[in-house]
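**Student:** mind looking at a prediction? Sequence and model below.
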Amino acid sequence: MYELTLCHLYPDLLNLYGDRGNIIALRRRAQWRGIRMHVVPVTLGDAFQAQNYNIVFLGGGQSYEQEIIQKDLISQKGNEIKEAIEAGRVFICICGGYQLMGKFYRTAEGRDVQFLDALNLWTVEGEDRMIGNLLFECDFLKDGGGDHRIIGFENHAGRTYLGKGITPLGKVIAGFGNNGEDGFEGARYKNVFCSYSHGSLLPKNPRLTDYLLLTALQEKYKDIETLSPLDDCLENKAHDTMIKRVSG
């Protein structure tokens, strides 16, 4: 039996708007294929041992929670996280977790809050929040045909900008995405996937969920080429219904 271990970083502090739904989706789609997934919570004061995990999940949080974990993330876990990224571990980082992976968050008062600096990106606080359904397309999901559009929900004041070496997760069709200016959503570096879309991201997008699962499995097992198919009738109906609603 294949097995994966998922590290849920700061589950008690970073879990806005149902972000745990992403973990549930990963576990279920693994379980339906006979793949066992262990979920290990790691929070303030806990050691992060990268070699123990195949997937790392970092959910959303507001400025208050981000500042609580800032020192622990940078000083206690930072080097191990950076090494895990370079080693090809799969990371899924949502909203506040996405921002924390970058260089800094610049507040409305002009104060720079230093973050992990694992990815070449940064965030600037805006005057207005960017809220609503989000639709974007991912080129890396085009292989094999099928719908490569991703539907989600965003709610953030930060405007994130990508530096050299970081590619967007996708191109915005409807909604704001990273900053409401450049037309891109999220970020990708190696096997790190970042998005402003919250807990509905993976439950509503089975193709993306399977892509993440397969990537993690292939990093651990060299004999896996593809995943066994599932009956995604209900998942696809939810996906397609939301796309119609958002795209008009």
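**Tutor:** Perfect, thanks for sending it. Numbering: from 1, shown residues only.

**Student:** need the helix or strand of this structure with the lowest average pLDDT.
**Tutor:** Lowest by mean pLDDT, DSSP states H and E among the helices and strands of the chain is helix 63-71, with a mean of 88.

**Student:** what's the following helix or strand after it?
**Tutor:** Next helix or strand after helix 63-71 toward the C-terminus (DSSP states H and E): helix 78-86.

**Student:** now the angle from that following helix to helix 63-71?
**Tutor:** Interaxial angle of helix 78-86 relative to helix 63-71 (axes from the mean of the first three to the mean of the last three CA atoms, to 10 degrees): 100 degrees.

**Student:** what about helix 78-86, average pLDDT?
**Tutor:** The pLDDT scores in helix 78-86 average 97.

**Student:** cool, stretch 9-17 as well?
**Tutor:** Computed over stretch 9-17, the average pLDDT equals 91.

**Student:** buried residues in the least confident helix or strand of the chain, which are they?
**Tutor:** 65-66, 69-70 (16 or more other CB atoms under 10 Å). The way it works is simple: take the backbone N, C-alpha and C, and place the C-beta from them, glycine included.

**Student:** need the next SSE after the strand or helix carrying Y161, C-terminal direction.
**Tutor:** Element membership of Y161, judged by DSSP H and E, is strand 149-162. Sequence order places strand 170-174 as the next helix or strand after strand 149-162, per DSSP H and E.

**Student:** could I get the buried residue list for that following strand?
**Tutor:** 170, 172-174.

**Student:** closest to F193 among the residues you listed?
**Tutor:** Ranked by distance to F193 (CB to CB), the buried residues of strand 170-174 are led by G170 at 10.2 Å.
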